[in-house]
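>>> attaching a predicted model along with its sequence, questions to come.
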Amino acid sequence: MTLPTRGFDLLKDVDVRVTVELGRTEMKLKDVLSLGEESVVMLDRLTDELLDVMVNGKLIAKGEIVAENGRFGLRIVELAGGSGAEAA
């Protein structure tokens with residue numbers, strides 16, 4: 001008996017963690033402990049750089065922040081491994 005293959009249909013309902021990374025920095029623990037309200041932590045990314053979109057820690061795309069109805073969102077600008085202007 002052979003079951004028909006459904007490709008990725010079996011995986012479509014699997015939960016994954018999607019994260020968007022604004023940037024990174026390294027700090028000494030004493031500097032982290034001294035953070036307070038209104039502290040500013042400078043990140044390694046410029047304001048006009050695309051953000052990393054990751055699924056379960058693996059980079060899948062680059063995107064940019066959008067705002068709609070008072071909420072943040074993300075516009076996918078390029079897929080990882082893509083030629084550049086591929087939109088999802």
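Great, that's in hand. Numbering: from 1, shown residues only.
>>> can you map out the helices along the protein?
Per DSSP state H, the chain has helices spanning 29-33. These are given in chain order.
>>> what sits against residue 18?
Listed by C-beta atoms under 8 Å, 6 or more residues apart in numbering, the contact set of residue 18 reads 53, 54, 55. No exception for glycine: its C-beta is placed from N, CA and C like everyone else's.
>>> for beta bridges, what are the partners of the last one?
Here residue 55 sits in beta bridges with residue 18, residue 58, as judged by DSSP bridges.
>>> could you flag which of the contacts of residue 18 are buried?
Buried by 16 or more other C-beta atoms under 10 Å: 53, 54, out of these.
>>> residue 12: which of the contacts of residue 18 is nearest?
The closest of these to residue 12 turns out to be residue 55 (C-beta to C-beta; 13.6 Å).
>>> the closest one touches residue 16, doesn't it?
Yes - if you go by C-beta atoms under 8 Å, residue 55 and residue 16 touch, sitting 5.0 Å apart.
>>> of the contacts of residue 18, which is the nearest to residue 11?
Proximity to residue 11 was ranked across the contacts of residue 18 by C-beta to C-beta; first place goes to residue 55, at 12.0 Å.
>>> ok, residue 38 - how many residues close by?
Using other C-beta atoms under 10 Å, residue 38 is surrounded by 5 other residues.
>>> so where's the protein shaky on pLDDT?
By pLDDT under 70, the weakly predicted segments of the chain are 1-6, 82-88.
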